[in-house]
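Chemist: what would the 3D arrangement of this be:
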Amino acid sequence: MSNWFIHPLFLPTLIILVTIIFWATSALPEYLTALLFFAAAMVAKIAPAEVIFSGFASSAFWLVFSGFVLGIAIRKTGLADRAARVISANLTDSWVRMVASVVLLSYALAFVMPSNMGRIALLMPIVAAMAKRSGIADGSRAWFGLALAVGFGTFQLSATILPANVPNLVMSGAAEGSYGIHLNYLPYLWLHTPVLGMLKGLALIGLICWLFPGKPHAPKATEHPGPMSGDEKRLAWLLAAVLGLWVSESLHGIGPAWVGLVAACITLLPRVGFITSEEFASGVNVRTCFYVAGILALASTVTETGLGSVMGEKLLAVMPLDPGSPFTSFVALTGITSLLNFIVTANGVPALYTTLAESFSQATGFPLLSVIMVQVLGYSTPLLPYMASPIVVAMALGQVPAKAGLKLCLALAVVTFVILMPLDYGWFRLLGQL
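Modeler: Now for the predicted structure:
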């Protein structure tokens, strides 16, 4: 035991474990846990400062920030309410249809908009306006359901679309860098969409309707939005330009975060923008920004200290990977991904798992590409909200309590692992992947 206390991984393990426990249990406010992590990590010198504070340099952090700013402008100008009128005209006469429309919109937008955070920032004020028009009160269980529909639909379902979220891109880059494997858009979509897109989307809709019941009413037919104001028109053009730059990232090479940051700066400019200093101070949730930075930094710290590699090797040694039991091996690989999700969160899982994929392939007898693809089920199904920063951001924007997010996380995980995982295995087999 005494040797363990002087082991170089003891302090990093302790600090990271305590941070995860605090986030998982909400024993302290999320932003305070993040600040304590920064302080403890720096005092203990478990990693260089540029690693510990790497979350603030991450594109995800700046997408969150710009999302808050653009969300304030969309609500203030009335553009959110106008969009909600159009969307909700025939979709709010039943709760099931309303939830389904939000989930479907979150998923459909992923095909044209590459950033999870950007989609959430764009959708949340529109969905909030739609809820208000339909009699769904802020802070109600029904509103929590709609906000979670945006977060879960955006993150979990977009895992089936190769360029639509960060973990997919990390996996693609790691597969190409480590093994020279280039993932293609359509084969990837065909492999994952039937089970992890369509069936999981139906499960998500059903669980939200069950856990967060609501009774919307159809908007009044007499309401008329009137002509767009000058501010609405200018903001609409700005958002159209942002969306166009996001979609065409492969052509100009400017990341979604920096496009969003430029748009946020324009929104804040005096006489040109739409938001005053007071509105900026009250509307931007700095607590959430620190929380997201903490999540991203924790994943980087785990990788830097080598803790992630050690955990991956330990899991490889104890998991039942056997060429003679393909289903058991499939379940074990998914379990490895889920366990790694606790340590490095969804963004970090593909970087670590993919580097171990060749060992997993030899242990299971599965093709290397198939082993790489199996991880999508695991990292796209977080057991706790903190494992997926887009879900955290959606909860923050919608002021959803941690208990509500945890309830949906666990319920959807049970359905996924008990029902959808065997179906996913069967689909892999049908396509000749295993």
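Chemist: now stretch 44-58: buried residues?
Modeler: Under the neighbour-count criterion of 16 or more other C-beta atoms under 10 Å, stretch 44-58 has 46-47, 51-56, 58 buried. Every C-beta, even on glycine, is put in place using the N, C-alpha and C of the backbone.
Chemist: now those in CSV, with pLDDT and distance to residue 164?
Modeler: Putting these into CSV (pLDDT from 0 to 100; distance: C-beta to C-beta, whole Å) gives the following:
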residue, pLDDT, distance to residue 164
46, 86, 33
47, 86, 30
51, 86, 27
52, 87, 29
53, 89, 28
54, 83, 23
55, 80, 22
56, 86, 24
58, 74, 18
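Chemist: ok, the residue nearest to residue 28 when sequence neighbours are not counted - contacts?
Modeler: Distances taken as C-beta to C-beta, 6 or more residues apart in numbering put residue 22 closest to residue 28, at 5.2 Å, once the chain neighbours are dropped. For residue 22, the contact set (C-beta atoms under 8 Å, 6 or more residues apart in numbering) comprises 28, 33, 36.
Chemist: now the second one: which helix or strand?
Modeler: Read that as residue 33. Assessed by DSSP states H and E, residue 33 sits inside helix 30-44.
Chemist: mind giving me the packing neighbours of that helix?
Modeler: Using 3 or more C-beta pairs under 8 Å, 6 or more residues apart in numbering; DSSP states H and E as the contact test, the elements touching helix 30-44 are helix 10-25, helix 49-52, helix 286-305.
Chemist: ok, residue 422 - contacts?
Modeler: residue 327.
Chemist: pLDDT below threshold where in this structure?
Modeler: 1-7, 60, 84-92, 112-115, 178, 218-225, 247, 249-250, 308, 312 (pLDDT under 70).
Chemist: what are the buried residues along the lengthiest helix in it?
Modeler: Counting by DSSP state H, the longest helix found in the chain is helix 326-355. The neighbour-count check on helix 326-355 (16+ other C-beta under 10 Å) flags 326, 329-355 as buried.
Chemist: now swap in stretch 171-189 and tell me
Modeler: So stretch 171-189, judged by 16+ other C-beta under 10 Å, has buried residues 171-172, 174-175, 178-179, 183, 188-189.
Chemist: can you give me the neighbour number for residue 281?
Modeler: 10 (other C-beta atoms under 10 Å).
Chemist: apologies, that question was intended for residue 358.
Modeler: Applying other C-beta under 10 Å, we find 14 residues neighbouring residue 358.
Chemist: distance-wise, check it relative to residue 368.
Modeler: 6 Å (C-beta to C-beta, to the nearest Å).
Chemist: what touches both of those two?
Modeler: Common neighbours of residue 358 and residue 368 (C-beta under 8 Å, 6+ apart) are residue 179.
Chemist: for the buried residues of stretch 44-58, which one is nearest residue 108?
Modeler: residue 58 (26.5 Å; C-beta to C-beta).
Chemist: ok, the closest residue to residue 42 other than its chain neighbours - contacts?
Modeler: Nearest residue to residue 42, sequence neighbours excluded (C-beta to C-beta, 6+ apart): residue 52, at 5.9 Å. By C-beta under 8 Å, 6+ apart, the residues touching residue 52 are 38, 41-42, 46, 297, 300-301.
Chemist: tell me which element the residue nearest the centre of the chain falls in.
Modeler: Against the mean C-alpha coordinate of the chain, by C-alpha atoms, centre = their mean, the closest residue is residue 390 at 3.2 Å. Element membership for residue 390 (DSSP H and E) is helix 389-397.
Chemist: angle of whatever helix or strand comes next after that helix against helix 389-397?
Modeler: Using DSSP H and E, the helix or strand that follows helix 389-397 towards the C-terminus is helix 402-415. With axes from the mean of the first three to the mean of the last three C-alpha atoms, to 10 degrees defining the directions, helix 402-415 sits at 140 degrees from helix 389-397.
Chemist: quick one: helix 402-415 to chain centroid distance?
Modeler: On the basis of C-alpha atoms, centre = their mean, to the nearest Å, helix 402-415 sits 14 Å off its chain's mean C-alpha point.
Chemist: can I get that helix as PDB, trimmed to CA atoms?
Modeler: Only the C-alpha atoms of helix 402-415 are listed here, as PDB (Å, rounded to 0.1, in the frame of the first residue of the first chain):
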ATOM      1  CA  ALA A 402     -28.800  17.700 -12.700                       C
ATOM      2  CA  LYS A 403     -31.300  15.200 -11.400                       C
ATOM      3  CA  ALA A 404     -33.500  15.400 -14.500                       C
ATOM      4  CA  GLY A 405     -30.500  15.000 -16.900                       C
ATOM      5  CA  LEU A 406     -29.200  12.100 -14.900                       C
ATOM      6  CA  LYS A 407     -32.600  10.400 -15.000                       C
ATOM      7  CA  LEU A 408     -32.800  10.500 -18.800                       C
ATOM      8  CA  CYS A 409     -29.100   9.500 -19.200                       C
ATOM      9  CA  LEU A 410     -29.700   6.400 -17.100                       C
ATOM     10  CA  ALA A 411     -33.000   5.500 -18.700                       C
ATOM     11  CA  LEU A 412     -31.700   5.800 -22.200                       C
ATOM     12  CA  ALA A 413     -28.600   3.900 -21.400                       C
ATOM     13  CA  VAL A 414     -30.600   1.000 -20.000                       C
ATOM     14  CA  VAL A 415     -32.700   0.900 -23.200                       C
END
